[in-house]
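[1] take this sequence and fold it.
(2 chains)
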Amino acid sequence: MSKEVDRLLPLPPAVLHILIALGDEAKHGYAVMQDVAERTDGKVRMSPGTLYGSIRKMLDDGLIEELFRPGDDERRRYYRVTKFGRAVAAAEAVRLTSLLRHARLNGLVPRNG
Amino acid sequence: MRRGRLFRLITWLYPVEFRERFGGEMEAAYRDARTEAAGRGRRGAAEFWIGVAADALLQAPGEHMRILLEDLRHAARSLRRAKMFALVAIATLALGIGANTAIFSVVHAVAFAALPNREPDRLVRLWEKNDRLRIPRFSVSVPNYYSWTERVKSFEQLGAWRQNATTMTTGGEPQRVATLEATWTLLPMLGITPIAGRSFTADEDRPRQPPVVILTESIWRSRLGGDPAAIGKQIVLNDISHTVVGIVTDRAFVTQVHVIVPLAADLAQENRSNHVATVIGRLKPGVSLAQAQQEMDAIALQLGKEYPKDDADWGVTMATFYDWIIPQTIRTGLYLLLASVGVVLLIACTNIANLTLARGALRRREQAVRLALGAGRGRLVREVLTESVLLAMVGGTVGVGIAYWAVPLLRTQLTTILPRADRIGLNVPVLLFALGISVVTGLLFGAIPALLNSRRDVIAALKDESRGAGSRHQSVARRLLVVGQLALATMLLAGAGLLMQSFIRLQHVDLGFLPERLTTAMVGLPAARYPDQPARWQFYSRVIADLENTPGVEAVGASSGAPLAGGFTGQPVSAQGPNALGAERLQVDWRMVTPGYFKSMGIPILRGRTFASEDRAGTPGVVVVSAELARRFWQDEDPLGKSVVTNIPYRIVGVVGDVRSTNPAADARPTMYYSSTQQTPGQMALTIRTRGEIPVAATVRKAVSAIDPQLAVFNVRTMETLITTSTAQPRVTAWLVGMFALLALLLAAIGVYGVLAYLVTQRTREIGLRMALGATRWSVLRLVVGHSFRLSAIGIAIGVAAAAWLGPMIESLLFGVRSRDAATLAAAAGGLLAVALLASYIPARRATRVDPLTALRTE
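    The predicted structure is shown next:
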């Protein structure tokens, strides 16, 4: 498991953003785009191409899965994070935290930042 | 609405799998995002559209690339599992693509590559012509050239040269060098810049100026050792000292040139009816060939009125530089070669397509399972195509390796035969061609299996487990492929047969003289030391006498131009007294020959005599004429004692046999021989017939230098070499097309074998059942061979029809055989039928050995 997790690290920013957006609940594609934009105060706006390119890759890698909700609009497929996806996100978070810690220790980041 | 369609279009830029999975969602997301972006004003809209552009330009190609890599990995894996198939396919493709690349390198260098001159499209070669004398193209007289330059407006510039040979005595043994007497305009007009020094000035191109010379690079290296300080030095040509003013590369010229001197024509001395100059013009921008022709027609008409004696009936004809340098027959030959080798590749393609189909039949279940699991048909088609293109690329790479080895070989073989053949090489356009045909080949042999393998009914494929057999569509496709192959091979074999026959006929054509044990060697006397006829005749008669007294020499003669060795001269003559042509003049070849010339050549004297010592300079002129000339003027009457007239009458003292003097494929032309006892040219070809093996070149050099050590002997060639050279082009074409035809035959045989072997496997149970029910081996044999016969008959019939239809296109390459020669077509058809039946023998035998019990048990 951990070997497969490591293989995917570091995650591309778009993938991490999508994992975060899907962290609390399953969403459809456009909702992910909106969530990312809100979370970043509009600084990160994904295009549909980037979004679905990433979704395709994440589905293939097993980070997320499609959620079937009978009766839903065909065009509004919902995606949610898999167990494996959570493990990968956690590993990435650990990696980033440690990176951040080293940056702080070397005085590259303000301590209160 | 319109923008909605745009979003759909963007999803179409993605691979089909991606689109099927996410297309609808993406479209919706685009629409939502646009609405949202519109709410954020201009900046939001700009951000949105930049994102859209990035998706179209980066994301979509990225997805394609990913799928391509995946397909390639898949293809490589599946080829590794089928090593034998891959090996056979790659070897076949390598040969096919390699041969095509090699031949294309020739076609490219000779026919396609741009001429090295500046704006070559505007360069035109001009000739004089005379419709009444039936002379379609003739050199231009120097006075006419100057009259043209004064009048013509269509051309930016005209330039002319006269070819000559001089003896160079600087830098070693006397050497005969090819000399161009050129107007000062010629080099700049052709766009030739000297690599050192300069071109001639207008002043240097006037009579009685200090002699100057431009050297070509090769002679500068061989005679002056590539001396960097050669400019300004003196070299001696024909005993006259010339100042070197420039050096140019050899490649700049069409013909072989060693030195260039100014034409420096003295119009007071030039003869308006002496047609000796080659004229080139550069059209003004925007002037067409037709417009220039119109203007030249008018000028020629005007000159005809001004100089009726010399120019009446003389017109002007022209061709682009390209059409002149690369004549139509050469291009036809090259295109034929390219088409032939292309056909071979096409046949190879069909074989591999057949193999792929057979393999597809084996992989049928795997693919059916994948189809059932939801893999798109597009995906399967693409996988097969990726595999076939991958195969073709590997084959193409090996093929380029083959071409790398073959191209230098072709270059050395063809340099003497084709113009510009020294430029043949594996250059960028040739490599691009190799890449192009590799891809096209891969798509071609992959397309049919790809479409057929993916269209099948999933359920049927999954149910039908045991047979590994293809669908009905497939077996029809396989038979069509074999029929196509056989048709192509028949065409090629028929073409090769025609060319071979032409070549063989050319080998056995009666030249009119005996080429065995015959050698020609040229000698040129400089005018400075041999100013008049008696001096020249004294030299030649002494050399001939000395050579005739040499052991091993049977007979010696000399002519102003030996057959097949160049030095062709012609002029119009009329006959005196009553004759078939009346006062009309006949264009005839003329030569000046020594009395012993006919004997040395083995040209039979049919009537009268050859020249004798009493035909001296100062006595009335005598000629010997060819049988054809006599026939044209006097039919069956005896021509002896009658006279032909040039400007003065010449009495006919003898009639000799006709000689094919320019080319074995061309009919013998009416010819007239002047006596060199009366008129002796400075340059003559000695014709030496030997008895045994003697070193002819050394013998001639010794005899010549014994009389005058300053003279050069050049162009020493046996008549057999000259014949080989003059028939080299048809020989090479015939051999190459013949080779390709054999290859095509072999490949077609393999194709037929493959299809029948497959058929027998497919019908093993049926055959077993038949045999169990009492069918004889003979009837089983007939079943299989009959199948082969039907396929072959259709293919061959199509091939024969196509050959008959396309035949006239190669008519110009044929000699002594018509392009729709029934015997050749029949032989090609018969040959193919025999090979096809032979190829069906092994499968047929296997069918007769089917054991009914085993066959039925597998049911």
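[2] what residues does chain A have near chain B?
    Contact residues, chain A versus chain B (CB under 8 Å from any CB of the partner chain): A:28-30, A:33-34, A:42, A:45-53, A:55-56, A:74-77. Where you see a C-beta, it was placed from the backbone N, CA and C, and this is true even at glycine.
[3] and the longest helix for chain A?
    helix A:83-105 (DSSP state H).
[4] average model confidence for that one?
    Across helix A:83-105, the average pLDDT comes to 92.
[5] okay, now the unreliable bits of chain A?
    Low-confidence segments of chain A (pLDDT under 70): A:1, A:69-75, A:111-113.
[6] what segments of it are helices?
    A:2-7, A:13-21, A:29-39, A:48-61, A:83-105.
[7] let's have these in JSON lines, adding mean neighbour count.
    Shown next, in JSON lines, are the helices of chain A (neighbours: other CB atoms under 10 Å in any protein chain shown):
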{"stretch": "helix A:2-7", "mean neighbour count": "10"}
{"stretch": "helix A:13-21", "mean neighbour count": "21"}
{"stretch": "helix A:29-39", "mean neighbour count": "19"}
{"stretch": "helix A:48-61", "mean neighbour count": "22"}
{"stretch": "helix A:83-105", "mean neighbour count": "14"}
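[8] so which of those helices gets nearest B:S288?
    helix A:48-61 (53.0 Å; CB to CB).
[9] what residues sit buried inside stretch B:815-823?
    By neighbour count with 16 or more other CB atoms under 10 Å in any protein chain shown, stretch B:815-823 contains the buried residues B:F815, B:V817, B:S819, B:D821.
[10] does the second one sit in a helix or strand, and which one?
    Secondary-structure element containing B:V817, defined by DSSP states H and E: none, the residue being outside all helices and strands.
[11] which ones are touching it?
    B:L498, B:Q501, B:S502, B:R505, B:T824 (CB atoms under 8 Å, 6 or more residues apart in numbering or on different chains).
[12] same check, this time on the last one
    For B:D821, the residues meeting the contact criterion (CB under 8 Å, 6+ apart) are B:L498, B:Q501.
[13] please report how far it lies from chain A.
    Per CB to the nearest CB, to the nearest Å, B:D821 is found 64 Å from chain A.
[14] now the third one
    Applying CB to the nearest CB, the value for B:S819 to chain A is 60 Å.
[15] mind checking the SS state of the closest residue to that residue other than its chain neighbours?
    Once flanking residues are discounted, B:S819 sits nearest to B:G807: 3.4 Å by CB to CB, 6 or more residues apart in numbering or on different chains. With DSSP: H, G, I helix; E, B strand; the rest coil as the basis, B:G807 sits in helix.
[16] same question, B:V213
    Under three-state DSSP, B:V213 falls in the strand class.
[17] give me the phi and psi for residue 12.
    Chain wasn't specified; assuming chain A. Backbone torsions for A:P12, taken as degrees, to the nearest 10, come to phi -60, psi 140.
[18] so what's the residue in the stretch 701-850 of chain B positioned nearest to chain A up against?
    Among all residues of the stretch 701-850 of chain B, B:Y758 sits closest to chain A, at 39.3 Å; criterion: CB to the nearest CB. Taking CB under 8 Å, 6+ apart as the criterion, B:Y758 is in contact with B:A358, B:R478.
[19] mind checking which helix or strand it is in?
    Going by DSSP H and E, B:Y758 is in helix B:728-762.
[20] please state the offset of that helix from the chain centre?
    On the basis of CA atoms, centre = their mean, to the nearest Å, helix B:728-762 sits 23 Å off its chain's mean C-alpha point.
[21] distance from the very next helix or strand once past it to the middle of the chain?
    Using DSSP H and E, the next helix or strand after helix B:728-762 towards the C-terminus is helix B:764-772. With CA atoms, centre = their mean as the basis, helix B:764-772 stands 55 Å off its chain's centre.
[22] contacts for helix B:764-772 next, please.
    Contacts to helix B:764-772, defined as CB under 8 Å, 6+ apart, come from residues B:760, B:775, B:779-780, B:783, B:847, B:850-856, B:858-859.
[23] who in chain B is up against chain A?
    B:10, B:18, B:21-22, B:24-30, B:32-33, B:36, B:40, B:47-48, B:51-52, B:54-56, B:58-60, B:62-63.
[24] distance of B:V428 relative to chain A?
    B:V428 is 36 Å from chain A, by CB to the nearest CB.
[25] tell me which element the residue lying closest to B:E27 once chain neighbours are set aside falls in.
    Spatial nearest neighbour of B:E27, excluding adjacent residues (CB to CB, 6+ apart): B:F7 at 4.9 Å. Per DSSP H and E, B:F7 falls inside helix B:2-12.
[26] count of residues packed around the nearest residue to B:T724 once chain neighbours are set aside?
    Closest residue in space to B:T724, ignoring its immediate chain neighbours: B:R731 at 7.8 Å, by CB to CB, 6+ apart. Counted with other CB atoms under 10 Å in any protein chain shown, the neighbours of B:R731 add up to 18.
[27] next one: the one 10 residues further on
    Burial of B:A741 is recorded as 26 neighbouring residues (other CB under 10 Å).
[28] OK, contacts around it?
    Taking CB under 8 Å, 6+ apart as the criterion, B:A741 is in contact with B:S340, B:A489, B:L492, B:L493, B:G495, B:A496, B:G497.
[29] go with 7 Å
    Contact analysis of B:A741 by CB atoms under 7 Å, 6 or more residues apart in numbering or on different chains lists B:L492, B:L493, B:A496.
[30] tell me the pLDDT of the nearest residue to it once chain neighbours are set aside.
    Take B:A741 and drop its neighbours on the chain: the residue closest to it by CB to CB, 6+ apart is B:A496, 3.7 Å away. With respect to pLDDT, B:A496 has a value of 90.
[31] same question, B:L813
    pLDDT for B:L813: 85.
[32] pretty sure it sits against B:G333.
    Yes. Contact status for B:L813 versus B:G333: in contact at 5.7 Å, counting by CB atoms under 7 Å.
[33] okay, those two: which has more neighbours?
    Using other CB under 10 Å as the criterion, B:L813 and B:G333 rank with B:G333 on top: 26 against 23.
[34] wait, the residue nearest to B:T724 sits on B:S502?
    No. Look at B:R731 against B:S502 with CB under 7 Å: they stay out of range, at 10.0 Å.
[35] how much space separates the residue nearest the centre of chain A from B:A797?
    Among the residues of chain A, the one closest to the centroid is A:L19, at 2.2 Å (CA atoms, centre = their mean). Separation of A:L19 from B:A797 (CB to CB, to the nearest Å): 69 Å.
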